[in-house]
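Peer 1: sequence plus the predicted model coming up.
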Amino acid sequence: MTQDEISALCVDQVAEILRIAKDKVDVSTKFTRLGLDSAMTVYLLMELEDRLNLELSPETFYDHPTIAELSAYLAEMVAARAGQPAVAR
Amino acid sequence: MEPFSSLLAVLEHRAATQGDERALVFLTDRGAEDSSLTFRALHDAAHSVAQRLAAVAQPGDRALLVFPPGLEFVIAFFGCLIARVIAVPMMVPRRQSARDSSASIMGNCKPAVALTSPGLAARDDLVARFAGHDLHWLTVDLAPGASDAIDLPRPRHDDIAFLQYTSGSTSEPKGVVVTHAMLLANMAMAQAYLGTDRHSTCVNWVPHYHDMGLILSIVGSLYLGALCVLVSPSGFMQRPLIWLRAVSDYKGVISAAPNFAYDLCVARLRADQMEGVDLSSWKITLSGAEPIRAATIEKFVETFGAYGFKPTSINPGFGMAEATLIVAMSPVGAGHDTRTVSRAAMQANIIRAPDNRGDAHVLVGCGYPVPDSRLAIVDPQTLRRLPADTVGELWINGPHVASAYWGNPAASAASLHAHIDGEDGDWLRSGDLGFLDTKGQLFITGRIKDLIIVRGMNHYPQDIELTVERAHAALRQNGGAAFSVPDERGEETLVVVQEVERTARNRIDPEEITGVIREAVTQEHEVFARHIVLIRPQTLPKTTSGKVQRALTRKLWLEGKLDYLTTEPAA
């Protein structure tokens, strides 16, 4: 997944979690400012883990507090993994 | 079972008769076994803590218990009981929260000691937060205790066991004084009603500072001599299905949670994570601590039936800390009972059949009072007892009811020693509205207090209003109202209405201010303010004495009749 795709996924998920319109979800606004509490952050984390097949911790959201920053970081992680030998499933 | 003189007598009995059996297991956030204690190991470790406590505190002193999820808390709790030091379980203050109830709790109960885990004792922000208080700190770990601990005078039946701070606002927390006698009475009531025994393994993820986690699960299991499996609350929130897997792995018989937990399991269902899970051992599936929705129960039953879950195990109940915990439960094996009433009539406190489908509102019954207790529905104004099928305030009487809030005689007299007009006896006023049907089943319809309950946590509107007015200089003091409304899925959601200062109203950015308010409310209270509405100065409904009229504000908001500052309220 590219950063744009990850960003769009985050917007969809945040809109779904907060039950607000997607156009109200600004990618440069902090998650806390959008109103995500810690339980909601965990839901978002779980969705991203599922979709991207990554292991994330809640600290990821403190270190990358907006959708723009988070999606850039996650895109790097996804790319780094793609560069590694495929793991047998 | 022999009547026990105190909870310590229960612990001693279990250590003597079932010493090598496991009392408690704590699971990691991934659901693997982290640690466990036998009844004897718990007894011995608690005695070692009691010995250390006795060196620094007197019987009757208060001890804060500040613990992460895990078995250290349980050892510390029983250590306090043995030393006859009054335990005060407290939520671990969050790192980012500037204002929470910890300072007010300490101001109210004036603790001499604080017990914590080695990990938390090293957290800088906690050290700083408690620095101003003259507290003697003890750390409690899982090291085995000495079996030759000194013999301390034993607690008496009427001695205080602990203080449960669950009610009252952040600024004025109320600590329910819970005695050994109350705990033993409530446990005996639950056992008689549910028919539980030492094979009734309990699985719990509810925090240990919440009465449902501490009393129903931890104390309740010890009372029965049953295994209690603890899942950490954060582990549950991240992976709710580990709760269900724990029920399956340990053949859990009883487990309790607020309504939202059942919704969460359905929402987070992943078939691959449910492989091999068998829920057929789960006989008593308690739901309480927040309004119970029929739709939630039906979805849970439908979803997990495929994994052996029995619909008849659903057991809606009602509890509150002022009555130790358990007030009413449904008969075991009966499943949930519903009653469809007229929504319009219910708002006028009358219970009758709906006029049409649009007027229909489904209520879930909370069962019947536990043995040796009584419920009454009372008119909150006239204090007269009301007949069946009439909405009024729920009042409770029995040996499980507290007689005091710590250091608060006024609140104790008003809420714990109320009198029904023309009758004898002291009653607990619950502050909840409901009715008893002609068979005596309890139904809850709402609240007298303006309490906001989201995901099982109580929020006091005045606390949220204070956070809001302090969030930005353009916001008027004492000019806000916080309340909840059901959203399109029937879940409670928070609305904040706030006046803007006259001088600021033409030069503010409403989007910016609502963002600031939302962030402050999330950080201080862990709750999402879905609707934030800015209104013109001096338009918030207030009484002549200047008190905010939350119910009226709520009604005007629902009707779209507030004097909005912006044409479109920011959603």
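Peer 2: Arrived safely, thanks for sending.
Peer 1: all contacts plus neighbour counts: C-alpha atoms, from now on.
Peer 2: Noted.
Peer 1: could you check the pLDDT of residue 72?
Peer 2: Went with chain A since none was named. Per-residue pLDDT puts residue A:72 at 95.
Peer 1: could you do chain B instead?
Peer 2: So, for residue B:72, pLDDT stands at 97.
Peer 1: that one belongs to a helix, doesn't it?
Peer 2: Yes: under DSSP: H, G, I helix; E, B strand; the rest coil, residue B:72 falls within a helix.
Peer 1: I figured it was touching residue B:139, is that so?
Peer 2: No: under the criterion of Cα atoms under 8 Å, residue B:72 is not in contact with residue B:139, lying 9.2 Å apart.
Peer 1: who has more neighbours, those two?
Peer 2: The residue with more neighbours, out of residue B:72 and residue B:139, is residue B:72; 23 against 17, by other Cα atoms under 10 Å in any protein chain shown.
Peer 1: ok, now which ones touch the more buried one?
Peer 2: B:117, B:140-142 (Cα atoms under 8 Å, 6 or more residues apart in numbering or on different chains).
Peer 1: and the next helix or strand past the helix or strand hosting residue B:429?
Peer 2: Using DSSP states H and E, residue B:429 maps to strand B:428-436. Moving toward the C-terminus from strand B:428-436, the next helix or strand (DSSP H and E) is strand B:442-447.
Peer 1: up against chain B, what does chain A have?
Peer 2: By Cα under 8 Å from any Cα of the partner chain, the residues of chain A that approach chain B are A:18, A:20, A:32-39, A:42-43, A:46.
Peer 1: what is the most widely separated pair among those?
Peer 2: Pairwise distances across the residues of chain A next to chain B peak at 20.4 Å for A:33 and A:46 (criterion: Cα to Cα).
Peer 1: quick one: residue B:450 is in a strand?
Peer 2: No: counting by three-state DSSP, residue B:450 is not part of a strand but coil.
Peer 1: how many neighbours does the closest residue to it other than its chain neighbours have?
Peer 2: Take residue B:450 and drop its neighbours on the chain: the residue closest to it by Cα to Cα, 6 or more residues apart in numbering or on different chains is residue B:461, 6.7 Å away. Using other Cα under 10 Å, residue B:461 has 22 neighbouring residues.
Peer 1: list the contacts of residue B:461.
Peer 2: Going by Cα under 8 Å, 6+ apart, the list of residues near residue B:461 reads B:450-452, B:481-483.
Peer 1: out of these, who's the most crowded?
Peer 2: residue B:482 (28 neighbours).
Peer 1: got a list of what residue B:497 touches?
Peer 2: By Cα under 8 Å, 6+ apart, the neighbours of residue B:497 are B:480-482, B:532-535.
Peer 1: max pairwise distance over these: which two?
Peer 2: It's B:482 and B:535 that sit farthest apart of those, by Cα to Cα, at 13.3 Å.
Peer 1: ok so residue B:394 is a strand residue?
Peer 2: Yes: assigned with three-state DSSP, residue B:394 falls within a strand.
Peer 1: that one: neighbouring residues, count only.
Peer 2: 25.
Peer 1: touching, it and residue B:374? I think so.
Peer 2: No: the criterion here is Cα under 8 Å, and residue B:394 misses it with residue B:374 at 10.4 Å.
Peer 1: quickly find the element holding the spatially most central residue of chain A.
Peer 2: The centroid of chain A falls nearest to residue A:10 when counting by Cα atoms, centre = their mean (5.0 Å). Assigned by DSSP H and E, residue A:10 falls within helix A:3-18.
Peer 1: neighbouring contacts of that helix?
Peer 2: Counting by Cα under 8 Å, 6+ apart, A:21-22, A:24-25, A:27, A:35-36, A:40, A:43-44, A:47-48, A:67-68, A:71-72, A:74-75, B:528, B:530 sit against helix A:3-18.
Peer 1: so of those residues, which ones are in helices?
Peer 2: Cross-referencing these against helices under DSSP state H gives A:40, A:43-44, A:47-48, A:67-68, A:71-72, A:74-75.
Peer 1: from the residues you listed, which single one is nearest residue B:183?
Peer 2: Nearest to residue B:183 among those, with distances taken as Cα to Cα, is residue A:40, at 35.2 Å.
Peer 1: count the neighbours of that closest one for me.
Peer 2: 20.
Peer 1: nearest spatial neighbour of it, skipping sequence neighbours?
Peer 2: residue A:17 (6.8 Å).
Peer 1: so what's the residue count around that neighbour?
Peer 2: 14.
Peer 1: for chain B, see how far away it is.
Peer 2: As judged by Cα to the nearest Cα, to the nearest Å, residue A:17 and chain B stand 10 Å apart.
Peer 1: do residue A:72 as well
Peer 2: For residue A:72 relative to chain B (Cα to the nearest Cα), the value is 23 Å.
Peer 1: residue B:441 and chain A, how far apart?
Peer 2: Following Cα to the nearest Cα, the distance that separates residue B:441 from chain A is 34 Å.
Peer 1: ok, now residue B:466?
Peer 2: 18 Å.
Peer 1: the helix or strand harbouring that residue: which residues count as buried?
Peer 2: Using DSSP H and E, residue B:466 sits within helix B:461-470. In terms of neighbour count (16 or more other Cα atoms under 10 Å in any protein chain shown), helix B:461-470 has its buried residues at B:461-469.
Peer 1: residues near whichever residue of chain B sits closest to chain A, how many?
Peer 2: Using Cα to the nearest Cα, the single residue of chain B nearest to chain A is residue B:519, 4.4 Å away. The number of residues packed near residue B:519 is 26, by other Cα under 10 Å.
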